[in-house]
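Chemist: Just the structure for this:
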Amino acid sequence: VGIELTPAHMAALEFMRSDREETGSTPTLRRMNSAGGFDVKELFTLFPGKPAKKMAWLAGLPKPVGCV
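Modeler: Below is the predicted model:
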């Protein structure tokens, strides 16, 4: 993917994993913002291009519903 993972990256990935475990579905960017408090613009900076799809892949999860 070409991304050097920082603590900010890892926090987002850990939230995705824990939220998936709690809800049974991979969180969308909207859920990461509302439930996790992550800034969507920052997620686009951390994971350029398609952040939700990249984060899911790096976290070992299926892509979120509605993700192209």
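
Chemist: Below-threshold pLDDT in the chain: ranges please.
Modeler: 1, 68 (pLDDT under 70).

Chemist: Which strand or helix spans the residue positioned nearest the centre of it?
Modeler: Nearest to the geometric centre of the chain sits Met55, at 4.1 Å (Cα atoms, centre = their mean). Using DSSP states H and E, Met55 sits in helix 51-59.

Chemist: Can you give me the buried ones in that helix?
Modeler: For helix 51-59, the neighbour count (16 or more other Cβ atoms under 10 Å) marks Pro51, Ala52, Lys54, Met55, Ala56, Leu58, Ala59 as buried. No exception for glycine: its C-beta is placed from N, CA and C like everyone else's.

Chemist: Just the closest of these to Glu42, please.
Modeler: Nearest to Glu42, judged by Cβ to Cβ, of these is Pro51 at 9.5 Å.

Chemist: all helices for the protein, in order.
Modeler: 7-23, 29-34, 40-46, 51-59 (DSSP state H).

Chemist: I'd like these as JSON lines, with distance to Gly66 appended.
Modeler: Shown next, in JSON lines, are the helices of the chain (distance: least, Cβ to Cβ, whole Å):
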{"stretch": "helix 7-23", "distance to Gly66": "15"}
{"stretch": "helix 29-34", "distance to Gly66": "10"}
{"stretch": "helix 40-46", "distance to Gly66": "15"}
{"stretch": "helix 51-59", "distance to Gly66": "9"}
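
Chemist: from those helices, which stretch is densest packed?
Modeler: With neighbours taken as mean count of other Cβ atoms under 10 Å, the helices of the chain reach their highest mean count in helix 51-59, at a mean of 20.

Chemist: Helix 7-23 and the helix holding Met55, what's the angle between them?
Modeler: Calculated by axes from the mean of the first three to the mean of the last three Cα atoms, to 10 degrees, helix 51-59 forms an angle of 90 degrees with helix 7-23.
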